[in-house]
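Engineer: just need the structure, nothing else, for what follows:
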Amino acid sequence: MILVQITAGQGPEECCLAVAKAWQALQAEAKRHACSLELIESVSAARASNYKSLLLSLEVESENSSITWIQEWQGSVQWICASPYRLRHPRKNWFIGVRLFQNEGRIVDDTIKFQACRASGPGGQHVNKTDSAIRATHLASGISVKVQTERSQYANKKLAQLLIAQKLAERDEQQALQQNRDRRLSHFELERGGASLVFVGLEFRRR
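Structural biologist: Numbering: from 1, shown residues only. As a prediction, this is how the structure comes out:
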């Protein structure tokens with residue numbers, strides 16, 4: 001199983017439309033490759049049926065199918081099209097991002113507390129009458145997820161591990177971005193801030 005994240009980033013509504021169209025294209029490709037593509041999370045955009053981001057799960061449906069085809073989607077995806085929302089708008093290139101997340105051994109069972117719970121909300125007769133849902137908590141970070149999209153505890157447990165791995169990766173990425181911002185800010189303050197000491201000349205004489 002792989003998690004697939006499609007995001008418009010900070011792009012305008014046209015990029016959010018591209019996210020929705022990419023989802024449709026992925027659904028068609030998944031069907032051709034005998035794979036299952038399920039929606040896990042979504043962030044809606046201003047216009048109905050558009051999305052700022054989508055989180056999907058992708059897995060094979062048979063031993064003869066493969067998910068290697070999804071690799072070509074990873075990275076930036078360009079959509080060349082005149083804006084359907086702003087007539088005569090000069091821009092015709094819209095970009096979205098696609099990221100793939102796999103556990104890759106980073107998250108193991110003994111770092112997560114699993115708890116079976118009853119599924120809630122829509123999901124069919126089977127989901128509503130069984131305790132197949134799983135709440136998983138990563139002990140070190142406190143990150144917690146609830147998964148009830150699959151029909152068995154084993155499948156929900158596997159998906160929960162992937163979701164936690166994805167959230168940890170996003171957290172690490174945000175921390176790295178913040179560190180970069182802090183370094184840039186420190187560099188700016190070094191250039192523009194008031195100096196506590198001043199040295200002059202090649203001899204580095206203190207003023």
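Engineer: now the helix ranked longest in the chain, how far from the centre of its chain.
Structural biologist: Longest helix of the chain, by residue count under DSSP state H: helix 153-192. Centroid separation between helix 153-192 and its chain, computed with C-alpha atoms, centre = their mean, to the nearest Å, is 11 Å.
Engineer: then stretch 22-32?
Structural biologist: 18 Å.
Engineer: report the buried residues of it.
Structural biologist: Across stretch 22-32, burial judged by 16 or more other C-beta atoms under 10 Å covers A22, W23, L26, E29, A30. Quick note: C-beta positions are derived from backbone N, CA and C, even for glycine.
Engineer: what do you get for stretch 81-89?
Structural biologist: Applying 16+ other C-beta under 10 Å to stretch 81-89 flags S83 as buried.
Engineer: quick one: average pLDDT of that stretch?
Structural biologist: Mean per-residue pLDDT for stretch 81-89: 91.
Engineer: and if you look at stretch 30-38?
Structural biologist: 91.
Engineer: just how off-centre is that stretch within its chain?
Structural biologist: 19 Å.
Engineer: pull up the distance across that stretch, start to finish.
Structural biologist: 10 Å (C-alpha to C-alpha, to the nearest Å).
Engineer: so what's the residue count around the residue nearest to L54 when sequence neighbours are not counted?
Structural biologist: With C-beta to C-beta, 6 or more residues apart in numbering as the criterion, L54 has its nearest non-adjacent residue at 4.6 Å, and that residue is I6. I6: 24 surrounding residues under other C-beta atoms under 10 Å.
Engineer: before we move on, what about the one 4 residues further on?
Structural biologist: Counted by other C-beta under 10 Å, the residues lying close to Q10 total 7.
Engineer: the one 4 residues further on now?
Structural biologist: The criterion is other C-beta under 10 Å. On that basis, E14 has 23 neighbouring residues.
Engineer: what about it, which helix or strand?
Structural biologist: Using DSSP states H and E, E14 maps to helix 13-32.
Engineer: whichever helix or strand comes after that helix pairs with which strands?
Structural biologist: Following helix 13-32 in sequence order, the next helix or strand is strand 35-44 (DSSP H and E). Applying DSSP bridges to the sheet, strand 35-44 is found paired with strand 51-60 (antiparallel).
Engineer: now the strand it pairs with: mean pLDDT?
Structural biologist: 90.
Engineer: tell me the buried residues in that strand?
Structural biologist: Y51, K52, S53, L54, L55, L56, S57, L58, E59, V60.
Engineer: domain assignment for this structure?
Structural biologist: Annotated domains of the chain cover 2-101, 109-191 [automatic domain parsing].
Engineer: need the least confident one among the ones you listed, by mean pLDDT.
Structural biologist: Comparing these on mean pLDDT, the least confident stretch is domain 109-191, scoring a mean of 72.
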